[in-house]
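# Predicted structure and sequence below. I'll ask about it afterward.
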Amino acid sequence: MTDKVTPRHIAFIMDGNGRWAKKRLLPRKAGHRQGVKALEKVVDACEKRGVEMVTFYAFSTENWARPQDEIDALFAMVAEFADTRLKEYVQRGLRILFIGDLTPLPQKTRDACTRIVEAAKGNKGMIVCIALNYGGRDEIVRAVRTLLQSGLKDVDVETLSDCMYTGGLPDPDVIVRSSGEKRLSNFMLWQAAYSEFVFRDELWPDFDEKIIDAVLEEYASRDRRYGSVKRLN
Ligand code: FPP
C-alpha cells in the first residue's frame, strides 16, 4: 500500500554514465554497466517503499546517433538483463513493460524482451517499465496515427492517453534526472503534464537507496495543485 505522499509512478532519466566512466578512464560501456547496477538498486528501493511503477529511459530515438559499438553494447546489456535480472523480478511477482518501438532492435534483444513480458503476464507487483528506442514525440505521432486509422472523427484527452504506450497506467508523479542536467530530452512528453521534477547532481551509476529516499522526501514536500489552489496529495 502506498501512503498519500509516496508517488505511484517514478520515472528516471538515467544520465551521466559516460562521465562516470570518463572520470575513471574507463570505456563508456563500463559506465552503462555500472548504470545497470544502479537501476537494480533503484528497483529494489522503490519496491520496498511501495511505489507501483518505475520507468527507466534506457535508449531514446535520438541515441542511434551514438557510436555503433556503444549501441551494440547497450542492446547486448538489455538482452542479458532480460534473461537474468528481469527473470528474477518476474519470479518475485513484478510486472515488466517495454515502451518504445522495439522493431529496429537486434533480434536477440527483441526476443529476450518478448519472452520476459510473456513470462510476467498475470503478475501483480510493481511495474518495471523500460523505455527502448523511445521518443515522446514519436509516441504522440503513433497515438494520433492509431486514432486516424480507427476512423475516429474526434478525440479527447482520455482517448489519446489510451493510445500511448502507457495507456491505462498512471502518469509519472515525479520525473528524476541524474547528473545535473535539467531537461526532459523527449521523455514522456504527454505523461509529464503534471509531473514533479527532481534534478539530482549525482551521476546515474552512483544512484542508490539513499538518493531514492532523498527524492521521496523532496516529492513529499511539493505542493501538487494540478492547476487548482489546494494540495491534493
Ligand atoms: C545516459 O548517459 C545514459 C544512456 C543513454 C543509457 C542508459 C542506459 C543504461 C543505464 C543501461 C540500460 C540497460 C538496461 C539493462 C536497462 P550518457 O551515456 O549520456 O552519459 P554522459 O552524458 O555522461 O555521457
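Thanks, I have it.

# tally of neighbours for Gly180?
For Gly180, the neighbour count with other CB atoms under 10 Å is 13. Every C-beta, even on glycine, is put in place using the N, C-alpha and C of the backbone.

# wait, what's in contact with it?
Contact analysis of Gly180 by CB atoms under 8 Å, 6 or more residues apart in numbering lists 16, 199-201.

# quick one: low-confidence ranges for the chain?
The chain contains residues with pLDDT under 70 at 1-4, 230-233.

# need the residues of it near the ligand, please.
Residues of the chain lying near the ligand by CB under 6 Å from any ligand atom: 14-19, 32, 35-36, 39, 56, 58, 63, 77-78, 81, 130.

# Give me the subset of the residues you listed lying in helices.
Of the residues of the chain next to the ligand, the ones assigned to helices by DSSP state H are 17-19, 32, 35-36, 39, 77-78, 81.

# Closest one of the residues you listed to Leu169?
Distance to Leu169, by CB to CB, is smallest for Leu39 among these, at 19.1 Å.

# Could you report the distance from that closest one to Ser178?
Taking CB to CB, to the nearest Å as the measure, Leu39 and Ser178 are separated by 11 Å.

# Kindly report the same for Ala120.
Taking CB to CB, one finds Ala120 at 27 Å from Ser178.

# More neighbours: the two, which one.
For Ala120 versus Ser178, the count of surrounding residues by other CB under 10 Å is larger for Ser178: 25 against 21.

# With the flanking residues excluded, which residue is spatially nearest to that one?
Trp204 (4.3 Å; CB to CB, 6 or more residues apart in numbering).

# Give the full set of residues in contact with the one you found.
12, 14-17, 20, 35, 38, 178-179.

# Please indicate which of those residues are buried?
Burial by neighbour count, 16 or more other CB atoms under 10 Å: within the contacts of Trp204 this picks out 12, 14-17, 20, 35, 38, 178-179.

# Quick one: the strands in the chain, in order.
For the chain, applying DSSP state E gives strands covering 9-13, 53-57, 95-99, 127-131, 174-177, 196-199.

# can you give me the helices in this protein?
For the chain, the helices defined by DSSP H occupy 17-23, 28-48, 68-83, 85-91, 107-120, 136-150, 157-162, 209-220.

# mind listing what the closest residue to the ligand within the chain touches?
At 2.3 Å from the ligand, Gly18 is the closest residue in the chain, using CB to the nearest ligand atom. By CB under 8 Å, 6+ apart, Gly18 lies in contact with 28, 31.

# and it, how far is that from Lys124?
According to CB to CB, Gly18 stands 37 Å off from Lys124.

# what do you get for Leu152?
Going from Leu152 to Lys124 by CB to CB gives 32 Å.

# quick one, what contacts Ile96?
Ile96 touches 86, 89-90, 116-117, 120, 127-130, counting by CB under 8 Å, 6+ apart.

# partners of it in the sheet?
Beta-bridge partners recorded for Ile96 (DSSP bridges): Val128.

# how many other residues sit next to Leu148?
By other CB under 10 Å, 10 other residues sit near Leu148.

# again with the one 4 residues further on
Residues near Leu152, counting by other CB under 10 Å, number 10.

# okay, now the closest residue to it other than its chain neighbours: neighbour count?
With sequence-adjacent residues excluded and distances taken as CB to CB, 6+ apart, Leu152 is closest to Thr159, at 7.1 Å. Thr159 has 15 neighbours, counted by other CB under 10 Å.
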